[in-house]
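[1] Below: sequence and its predicted model.
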Amino acid sequence: MKNIAVYPGSFDPVTNGHLDIIKRASRVFEKVYVAILVNSAKSPMFTEEERADMIRRSVAAMGLKNVEVHIFSGLLVDFISQKGANVIVKGLRAVSDFEYEFQMALMNHKLLREVETMFMMTSNKYSYLSSSIVKEVAKYGGNLSGLVPDDLIDEITKRAMQKK
């Protein structure tokens, strides 16, 4: 049986919470594809290519050799089929995340019977963390230490100040 996972999201920007899930998923699966969704309905702070680059740099610094970063548009199940994956990894911060993610898991399973969704609880130290919070803190010049990788702090802060 395949042991390949896809961790989808917008990652705008990637946080230490996202990287915690990526690292833990990389220990469970032979291969993990981080899939950055192109969502025309959103106005992201970073382009898909910039987000992919940030994640690739962070994953390389963590030494995760079995993680690849890709950009996709369309249905997640189509990307999963293309990559030969059989599991979707979703991080949950709180019970409030579960309802939406559960609906998505059921729909993805309906569209592609071979796919399962694995929910990973975020580490306690990141349970409050989201990309939206990071952008808000950065926009007002707050301290991003511990929220995102140290080498991304200046890049995120500079962009957030431009978007202010």
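    Thanks, I have the structure now. Residues are numbered from 1 along each chain as shown.

[2] quick check: longest helix of this protein.
    With residue count as the measure and DSSP state H as the assignment, the chain has helix 95-111 as its longest helix.

[3] And the next helix or strand past it?
    strand 116-121 (DSSP states H and E).

[4] could I get the helix or strand just after that next one in PDB with only the CA atoms?
    Next in sequence after strand 116-121, counting helices and strands by DSSP H and E, comes helix 131-139. Taking Å, rounded to 0.1, in the frame of the first residue of the first chain, the C-alpha atoms of helix 131-139 are listed here in PDB:
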ATOM      1  CA  SER A 131      -1.300  32.800   9.200                       C
ATOM      2  CA  SER A 132      -3.900  35.500   9.700                       C
ATOM      3  CA  ILE A 133      -2.600  36.300  13.200                       C
ATOM      4  CA  VAL A 134       1.000  36.400  11.900                       C
ATOM      5  CA  LYS A 135       0.000  38.900   9.200                       C
ATOM      6  CA  GLU A 136      -1.800  41.100  11.800                       C
ATOM      7  CA  VAL A 137       1.100  41.000  14.200                       C
ATOM      8  CA  ALA A 138       3.600  41.800  11.400                       C
ATOM      9  CA  LYS A 139       1.400  44.600  10.000                       C
END
